[in-house]
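Q: A structural model of the following input is requested.
(2 chains)
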Protein chains: 2
Amino acid sequence: MHLIHPVILCGGGGTRLWPLSRKAKPKPFLPLVEEESLFQQAVNRLANDSGFAHPIIVAGSAHVELIEAQMGTSEVEALVIEPVARNTAPAIALAAALLPRDAIMLVCPSDHHIANPQAFRDAARAAVELAHDNHLVAFGIAPDRPETGYGYLERGEALKGGYAIARFVEKPDLARAQAYLASGNFSWNGGIFAFRAGSYLEELATYRPAMALLVQRAVEEGVTQGKRFYPATDAFAAIDGDSVDYAVMENTARAAMVPVDMGWSDIGNWSALADALSDKADGRGNVAKAGKADFDECSGVLTISDGPRISAVGLEDICIIVSGDEVLVTTRDGAQRVGKLPGAANQ
Amino acid sequence: MHLIHPVILCGGGGTRLWPLSRKAKPKPFLPLVEEESLFQQAVNRLANDSGFAHPIIVAGSAHVELIEAQMGTSEVEALVIEPVARNTAPAIALAAALLPRDAIMLVCPSDHHIANPQAFRDAARAAVELAHDNHLVAFGIAPDRPETGYGYLERGEALKGGYAIARFVEKPDLARAQAYLASGNFSWNGGIFAFRAGSYLEELATYRPAMALLVQRAVEEGVTQGKRFYPATDAFAAIDGDSVDYAVMENTARAAMVPVDMGWSDIGNWSALADALSDKADGRGNVAKAGKADFDECSGVLTISDGPRISAVGLEDICIIVSGDEVLVTTRDGAQRVGKLPGAANQ
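A: You can find the predicted model right below:
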């Protein structure tokens, strides 16, 4: 049995987790749920399983030092340093181009939380089975609410260990999301994928030929320094960026999915983080994730502070984040809008 | 016409305005409503009116430097420095003992806001008329809500420029407060008084003879240094402290009141401050009193920061105070409980 090659994408900005998430140290590198950062969790989730190779990490040049520091003694196959951000399709293509054509890649965002890593690894093995049959496999997350912020995958015919994907649906309205949840036939698109490197590059060449050629050139003209790999800037910067969903998954006839229920969260905003931390809450649902906090007649309050004590009185379903020169106080409902605040937008 | 002698009491702790109000710099010395501190407002409210003498200021030794700094070029008659805090009755007695027996004192807390100083001065003149007739006169603040946090004065028979006080009522429950408001016959006890120095000392000697003797000794054995007067510590510390209301006003047969509607607030907590600042609010009732703030779909939010920017999302009727190593977030309703928070109580 060949090893599975994890590819960990570190491109997420996480502006909705401002002011903790900032350009210099964005969301993947923050210890949001556990003591480890989300990035460290993504690496360690696969590190002690002999079925997985050392990961390929794709990141921007601004975060190389953070990554190397957070990797500690963990080994990488390669650290691919993008000269500019061009979304996920080119990032995955860079990693694919560094692997043998028949190597199986497991593409993972670095800014998600998975409460049940064993369920994740089991689903990964099912996905790999389908990938061996040349499918391009998406993880279909079991939905637990009519979320309107995610894309959905509709199940098609049954395949060995999964399903064909009948349809990709972009963020639905609430009525459709409720219908999807009720039908039991839809999963969330969690941005986790498995495919042969060659399958991906073939499909990319079919549906985004210019992108495929520019990635190929960026790799051919790239520079290796130890574990670091620097794709050529000119070729890579010339790419018209796109997501793996738009560029490949929604076009290929070989799209498949594996359903998985693994306590997944993209920690998309402060409210989602509060949910992910609910097992650490006091009897009234309050969590002091970092720093000291005093709660007086509060419920559902999340506090994070890098120094000052937070005292909260009479609050319900509020997130309070104190980070350096910024203090954010938001309702759970308002958390979705944090990325548009002047402080978050004008970093 | 003799000058009226303002006596400004600086004993208020203001723990409900924590974390801005702290032991080292409590509420009177903070610029809560205007650019000036409440203490400076108390002084300046009378400073440019030729009917008033320079004030006597009574304060604790911890705040002498603050007071002298905030007085600037304003002159004082005396700065009486209490060796220990013994509540208002002895504080007022110290000032009375420094004045001629027939001098009229106007006793003012240093931690209240008065939006209409002219109405205050007019009421003071009416009070002085009654004080000349040997009444001990309380200011009766026109109530605008069924407040349960204040004491009330019930009007008795009409006197020249005011009324006798039929009854003092301690903080009533809501039903009684509503009845008082509806009756039109009750005023709030604002803690502002006018009387002859001799009248006060006589009544104190009648109802609190031990206190009166100890104050007398503390003054006789006290030390003058320029404008500063230091009562003797042993005698003053031996006093069993009490409020002017309990010690004198509720006992004397010569209690009177002048009704006044002057935009008064004791700025008793953050919610009261938000009310006092309502004329500075944006169209949705948000006020950034100090520091930078961004409001997104907020209403009735008060922010104060000594540095960090405050970003508020989706909040309604919330006060956010950032001061040094403390961040307070409280509902308007919870503001009354701030003084009991660990941070406020364990300074």
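
Q: return the residues of chain A in contact with chain B.
A: Proximity of chain A to chain B, by Cβ under 8 Å from any Cβ of the partner chain, involves residues A:19, A:294, A:296-297, A:305, A:307-315, A:318, A:320, A:322, A:324-331, A:333-335, A:337-338, A:340-344. Every residue, glycine included, has its C-beta placed from N, CA and C.

Q: if we go to 6 Å?
A: By Cβ under 6 Å from any Cβ of the partner chain, the residues of chain A that approach chain B are A:294, A:296, A:308-314, A:320, A:322, A:325-331, A:333-334, A:337, A:341-343.

Q: buried ones among these?
A: Applying 16 or more other Cβ atoms under 10 Å in any protein chain shown to those, the neighbour count classes A:294, A:296, A:308-314, A:320, A:322, A:326-331, A:334, A:337, A:341, A:343 as buried.

Q: so which of those residues sit within strands?
A: Judged by DSSP state E, those include A:294, A:296, A:309-313, A:320, A:322, A:326-331 as members of strands.

Q: how about stretch A:34-46: buried residues?
A: Neighbour-count burial for stretch A:34-46 [16+ other Cβ under 10 Å]: A:Ser37, A:Leu38, A:Phe39, A:Gln40, A:Gln41, A:Ala42, A:Val43, A:Arg45, A:Leu46.

Q: can you flag which of those belong to strands?
A: Per DSSP E, strands hold no members of the buried residues of stretch A:34-46.

Q: identify those among those that sit within helices.
A: Within the buried residues of stretch A:34-46, membership in helices is found for A:Leu38, A:Phe39, A:Gln40, A:Gln41, A:Ala42, A:Val43, A:Arg45, A:Leu46, as judged by DSSP state H.

Q: so which of those is the closest to B:Lys23?
A: Lowest distance from B:Lys23 to these (Cβ to Cβ) belongs to A:Leu38, with 42.2 Å.

Q: quick check: that closest one touching A:Pro28?
A: Yes: if you go by Cβ atoms under 6 Å, A:Leu38 and A:Pro28 touch, sitting 5.1 Å apart.

Q: residue of the stretch 101-250 of chain A with the smallest distance to chain B?
A: Closest residue of the stretch 101-250 of chain A to chain B, Cβ to the nearest Cβ: A:Gly149 (16.5 Å).

Q: and that residue, how many neighbours?
A: Residue crowding around A:Gly149 was assessed by other Cβ atoms under 10 Å in any protein chain shown; the count is 13.

Q: give me the pLDDT for it.
A: A:Gly149 is assigned a pLDDT of 89 by the prediction.

Q: against B:Gly314, how distant is it?
A: Computed as Cβ to Cβ, to the nearest Å, the A:Gly149 to B:Gly314 distance reads 17 Å.

Q: cool, A:Trp270 as well?
A: 11 Å.

Q: what about the strands in the stretch 101-250 of chain A?
A: Taking DSSP state E, counting those that start in this stretch to define them, one finds strands in the stretch 101-250 of chain A at A:104-109, A:113-114, A:136-141, A:152-159, A:162-169, A:186-196, A:223-225, A:228-230.

Q: and the last one, which residues are buried?
A: Judged by neighbour count (16+ other Cβ under 10 Å), strand A:228-230 contains these buried residues: A:Phe229, A:Tyr230.

Q: in chain A, which residue is most central in space?
A: Among the residues of chain A, the one closest to the centroid is A:Pro109, at 2.7 Å (Cα atoms, centre = their mean).

Q: I figured it hits A:Ile192, correct?
A: No: assessed by Cβ under 6 Å, A:Pro109 is found out of contact with A:Ile192, at 7.0 Å.

Q: return the longest helix seen in chain A as CSV; C-alpha atoms alone will do.
A: Across chain A, the longest stretch assigned as helix under DSSP H is helix A:117-132. The C-alpha trace of helix A:117-132 is given here as CSV (Å, rounded to 0.1, in the frame of the first residue of the first chain):
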residue,chain,number,x,y,z
PRO,A,117,-9.5,12.8,14.0
GLN,A,118,-10.1,9.0,13.8
ALA,A,119,-13.3,9.6,11.8
PHE,A,120,-11.2,11.9,9.5
ARG,A,121,-8.5,9.3,9.0
ASP,A,122,-11.1,6.6,8.3
ALA,A,123,-12.8,8.8,5.7
ALA,A,124,-9.4,9.6,4.2
ARG,A,125,-8.8,5.9,3.6
ALA,A,126,-12.3,5.5,2.0
ALA,A,127,-11.4,8.5,-0.2
VAL,A,128,-8.1,7.1,-1.2
GLU,A,129,-9.9,3.9,-2.4
LEU,A,130,-12.0,6.0,-4.7
ALA,A,131,-8.9,8.1,-5.7
HIS,A,132,-7.1,4.9,-6.8
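
Q: and the contacts of that helix?
A: When contacts are defined by Cβ atoms under 6 Å, 6 or more residues apart in numbering or on different chains, helix A:117-132 is touched by residues A:4, A:45, A:49, A:104, A:106, A:114, A:137, A:161-162, A:194-196, A:256, A:258, A:260, A:262.

Q: any of those buried? List them.
A: Buried by 16+ other Cβ under 10 Å: A:4, A:45, A:104, A:106, A:114, A:137, A:161-162, A:194-196, A:256, A:258, A:260, A:262, out of the contacts of helix A:117-132.

Q: would you map the helices across the stretch 201-347 of chain A?
A: A:209-220, A:233-237, A:244, A:270-276, A:342-345 (DSSP state H, counting those that start in this stretch).

Q: can you say which of these is nearest to B:Asp282?
A: B:Asp282 sits nearest to helix A:342-345 of all these, at 15.2 Å, using Cβ to Cβ.

Q: okay, now the domains of chain A?
A: A:4-265, A:270-345 (automatic domain parsing).

Q: Serialize these to JSON lines and add fields for distance to B:Tyr246.
A: Below are those laid out as JSON lines (distance: least, Cβ to Cβ, whole Å):
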{"stretch": "domain A:4-265", "distance to B:Tyr246": "50"}
{"stretch": "domain A:270-345", "distance to B:Tyr246": "30"}
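
Q: among those domains, which is nearest B:Asp275?
A: For the domains of chain A, the distance to B:Asp275 is smallest for domain A:270-345, at 17.0 Å, taking Cβ to Cβ.

Q: endpoints of that closest one, how far apart?
A: With Cα to Cα, to the nearest Å as the measure, domain A:270-345 spans 16 Å from end to end.

Q: mean confidence score for that domain?
A: Computed over domain A:270-345, the average pLDDT equals 97.

Q: check stretch A:198-205 too.
A: For stretch A:198-205, mean pLDDT is 98.

Q: buried residues in that stretch?
A: Buried, per 16+ other Cβ under 10 Å, within stretch A:198-205: A:Ser199, A:Tyr200, A:Leu201, A:Glu202, A:Glu203, A:Leu204, A:Ala205.

Q: pull the CA atoms of that stretch into PDB?
A: The C-alpha trace of stretch A:198-205 is given here as PDB (Å, rounded to 0.1, in the frame of the first residue of the first chain):
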ATOM      1  CA  GLY A 198      -1.900  13.000 -12.100                       C
ATOM      2  CA  SER A 199      -5.800  12.900 -12.100                       C
ATOM      3  CA  TYR A 200      -5.800  16.400 -10.700                       C
ATOM      4  CA  LEU A 201      -3.300  17.800 -13.200                       C
ATOM      5  CA  GLU A 202      -5.100  16.100 -16.100                       C
ATOM      6  CA  GLU A 203      -8.400  17.600 -15.100                       C
ATOM      7  CA  LEU A 204      -6.800  21.000 -14.500                       C
ATOM      8  CA  ALA A 205      -5.200  20.900 -17.900                       C
END
